[in-house]
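Engineer: Following is a predicted model, sequence given first.
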Amino acid sequence: MSTHDIIHSAKELQTADHISWPTISMSSMVEHHAIVCAHKGGNLFRIIHLINRGGASESSGSTGSPGLSKNSEYFIVEEILDLGKKIRKGNLRRYNHDPKCCNEPSTVINKAQSKIGPCQLNLFEYNCEHFARWCKTDNEESKEADVAKAVLTSHDIIHSATELQAADHVSWPTMSMSGILQHHAIVCAHKGGNLFRIIHLVNRGGVSGSSGSTGSTGSSGLSKKSEYFIVEEILDLGEGIRKENLRRYNHDPNYCNEPVTVIEKAQSKTGPCQFHLFKYNCEHFARWCKTNNEESKQADSAKAVLTSGIAGNSSSSRSSSSASSCSIM
């Protein structure tokens, strides 16, 4: 397990550090990983990383649906890069690996240099993060690939109303977030055509509980109890089916309630509720009905993004504070 700090100055980086920065093509949603070899002055660093033929991170390359590249398209290279812009924007990360599981700096560099040359990229099995973590810890891991695989394999896209059944856990993109967030619900019954009776968490205006922007929640994400309700109503899901953005989630059958129990649990919660973006939203409700566990993958991702930035800033503040104390001593 590793955490990360935000780098605010070139002097914070050391040889063999595992770093990353947002890829241009994914609007900062995916990180490109690298190993630092040496500081070359100013914001210039010699690094080793996996890139495509055009020099962009492998995340933005064209690999086809399985995520597999042609061998000749991708290379692990050692080159000098200016990290100044990334430092100034506050989006350069350094990963903190467990010292007990971490290689010595010289070993990290040797391992990285041993892989220089053509390589075969697979977004899910061997990408820049797999490479960097292997150099640091001997383990080829990619947290981003794990998340991507979980998202891709955890749900099906619904193409026809006949595919849905009672007690299914479904979701569709929320209007206020341009499809970035999913609104979750439990299917109770098919009412003909594309009409379904569902139970879900909504705000007073009828918009999903994931889009807290439509309600007054304050900075903590907590709503006034009277603004949000869990309701049972009939909705036309035809648009979601036609646009192919209606999802059905595949829960582990070993941990999934029987259909009748799912619907009973959902109906037991109908009425006013206290909505919280991070602790109790529409996804928490739907997953609780299906598995008895109040979980929200979206909330976890949002918290991770928010707290990583806070952690980076606070660690930098602590470092500055410690430096002041040391100088006084």
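Structural biologist: Looks like it came in fine.
Engineer: shaky segments in the stretch 151-300 of the chain?
Structural biologist: For the stretch 151-300 of the chain, applying pLDDT under 70 flags the ranges 151-153, 175-180, 205-226.
Engineer: which residue ranges form the helices in it?
Structural biologist: In the stretch 151-300 of the chain, the helices defined using DSSP state H, counting those that start in this stretch lie at 238-242, 259-268, 282-291, 297-328.
Engineer: in the second one, what's buried?
Structural biologist: Judged by neighbour count (16 or more other Cβ atoms under 10 Å), helix 259-268 contains these buried residues: Val262, Ile263, Lys265, Ala266. Every C-beta, even on glycine, is put in place using the N, C-alpha and C of the backbone.
Engineer: Buried residues, stretch 97-117. List them.
Structural biologist: Buried, per 16+ other Cβ under 10 Å, within stretch 97-117: His97, Cys102, Asn103, Val108, Ile109, Lys111, Ala112.
Engineer: Between these, which sits nearest Arg46?
Structural biologist: Within the buried residues of stretch 97-117, proximity to Arg46 (Cβ to Cβ) peaks at Ile109, which comes in at 10.0 Å.
Engineer: I figured Ala266 hits Ala189, correct?
Structural biologist: No: the pair Ala266 / Ala189 is not scored as a contact, 11.8 Å apart, by Cβ atoms under 8 Å.
Engineer: Could you tell me which residues make contact with the closest residue to Glu129 other than its chain neighbours?
Structural biologist: Distance criterion Cβ to Cβ, 6 or more residues apart in numbering; nearest residue to Glu129, sequence neighbours excluded, is Ser142 at 4.0 Å. Shown in contact with Ser142 (Cβ atoms under 8 Å, 6 or more residues apart in numbering): Phe124, Asn127, Glu129, His130, Arg133.
Engineer: how close does the fourth one get to Cys101?
Structural biologist: Spatial separation of His130 from Cys101 under the definition Cβ to Cβ, to the nearest Å is 16 Å.
Engineer: now swap in the second one and tell me
Structural biologist: Shown here: Asn127 relative to Cys101, a distance of 20 Å by Cβ to Cβ.
Engineer: again with the last one
Structural biologist: To Cys101, Arg133 is 10 Å away according to Cβ to Cβ.
Engineer: what sits in contact with each of these two?
Structural biologist: Here Arg133 and Cys101 share the contacting residues Asn139, scored by Cβ under 8 Å, 6+ apart.
Engineer: thinking again about what came up before, for the contacts of Ser142, pick the one with the most neighbours.
Structural biologist: Tallying neighbours with other Cβ atoms under 10 Å puts Asn127 at the head of these, with 28 neighbours.
Engineer: pLDDT value on that one, please?
Structural biologist: pLDDT, Asn127: 92.
Engineer: and what of the one 4 residues further on?
Structural biologist: With respect to pLDDT, Phe131 scores 97.
Engineer: ok, now which ones touch it?
Structural biologist: Phe131 is in contact with His33, His49, Leu50, Ile76, Ala112, Lys115, Cys119, Glu140, counting by Cβ under 8 Å, 6+ apart.
Engineer: Report the secondary structure state of it.
Structural biologist: Put simply, Phe131 is helix when judged by DSSP: H, G, I helix; E, B strand; the rest coil.
Engineer: Could you number the chain from 17 rather than 1 from now on?
Structural biologist: Sure thing, new numbering starts at 17, so read that last one as Phe147.
Engineer: how near is it to Glu94?
Structural biologist: 13 Å.
Engineer: Same question for Cys151.
Structural biologist: Distance from Cys151 to Glu94, by Cβ to Cβ: 12 Å.
Engineer: Which one of the two is surrounded by more residues?
Structural biologist: Ranked by neighbour count (other Cβ under 10 Å), Cys151 and Glu94 place Cys151 first, with 25 against 14.
Engineer: what are the C-alpha coordinates of the helix or strand hosting the more buried one, in PDB please?
Structural biologist: Assessed by DSSP states H and E, Cys151 sits inside helix 144-153. Provided in PDB are the C-alpha atoms of helix 144-153 (Å, rounded to 0.1, in the frame of the first residue of the first chain):
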ATOM      1  CA  CYS A 144       3.500   2.800 -16.700                       C
ATOM      2  CA  GLU A 145       2.300   2.300 -13.100                       C
ATOM      3  CA  HIS A 146       3.000  -1.500 -13.200                       C
ATOM      4  CA  PHE A 147       6.500  -0.600 -14.300                       C
ATOM      5  CA  ALA A 148       7.200   2.000 -11.700                       C
ATOM      6  CA  ARG A 149       5.800   0.000  -8.800                       C
ATOM      7  CA  TRP A 150       7.900  -3.100  -9.900                       C
ATOM      8  CA  CYS A 151      11.000  -0.900  -9.800                       C
ATOM      9  CA  LYS A 152      10.200   0.200  -6.300                       C
ATOM     10  CA  THR A 153       8.800  -3.000  -4.700                       C
END
